[in-house]
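[1] Mind folding the following:
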Amino acid sequence: MTPLGELTLSEEDGALVALDWGRGRDQSATALLREARDQLQDYFDGRRLHFQLPLAPHGTPYQRRVWAALTRIPPGETRSYADIAREVASVARAVGQANGANPIPILIPCHRVVAAGGKLGGYSGLDGPNTKRFLLDHEARHLNPGASAP
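    Sure, this is the predicted structure:
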C-alpha cells in the first residue's frame with residue numbers, strides 16, 4: 001500500500017511493463033516484482049528518488065523515445081512539453097499524447113512534465129492533477145526538506 005493507494009506492477013520477460021493504479025491482475029511474486037515493490041516503498045518513504053529497475057514499456061518507437069527522455073528528468077525538477085519535444089525532435093502536442101500513454105507512471109516520471117509557463121497541466125493517473133502535485137511535492141520535500149514543487 002502506498003500513499004496513493006494500491007499499485008499493481010506487471011512483468012514480462014524479466015522487465016516491468018506496467019504500473020497500474022489500484023489492484024490489477026494477480027501475478028506470481030517474482031524477484032523483480034518484489035524488488036520493484038521495495039524500491040517504490042523506499043520512494044514513498046523518502047529513502048529513494050531514483051529507480052534501478054529494468055523497464056520494457058509497450059509502445060511505438062516514438063513513444064519509447066519520449067519515455068526515455070522522461071527518465072532523464074532528475075527528481076525534483078520539471079520539464080515542459082516543449083522541452084521534451086525539442087529533445088526528441090517533435091512537437092509538444094505529440095509529446096503530451098505519448099506522456100499520457102505512459103504505461104509505467106512514477107518509474108517513468110511523466111509527472112515531471114508540465115505545461116508552458118510552469119503550469120501543472122494534466123495527469124492521466126489516479127486523481128489527475130492532484131496526484132501529479134502530490135508526486136512533485138513529495139520529490140521536492142525529500143530533496144529539500146521544507147520545499148514545495150514549482
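[2] residue ranges of the strands in this structure, please?
    7-12, 15-21, 79-80, 113-114 (DSSP state E).
[3] Highest mean neighbour count out of those strands?
    Of the strands of the chain, the one with the most neighbours on average (mean count of other Cβ atoms under 10 Å) is strand 113-114, at a mean of 24. For the C-beta atoms, the positions are set from N, CA and C on the backbone; glycine is no exception.
[4] who does it pair up with?
    According to DSSP bridges, strand 113-114 forms sheet pairs with strand 79-80 (parallel).
[5] residues contacting residue 51?
    By Cβ atoms under 8 Å, 6 or more residues apart in numbering, the contact set of residue 51 is 39, 43, 107.
[6] same thing with residue 102?
    Residues near residue 102 by Cβ under 8 Å, 6+ apart: 57, 63, 67, 70, 108, 110, 124.
[7] how about the nearest residue in space to it that is not next to it in sequence, what does it touch?
    Leaving aside its sequence neighbours, residue 102 sits nearest to residue 110 (Cβ to Cβ, 6 or more residues apart in numbering; 4.4 Å). With contacts defined as Cβ under 8 Å, 6+ apart, residue 110 is in contact with 67, 70, 99-100, 102, 123-125.
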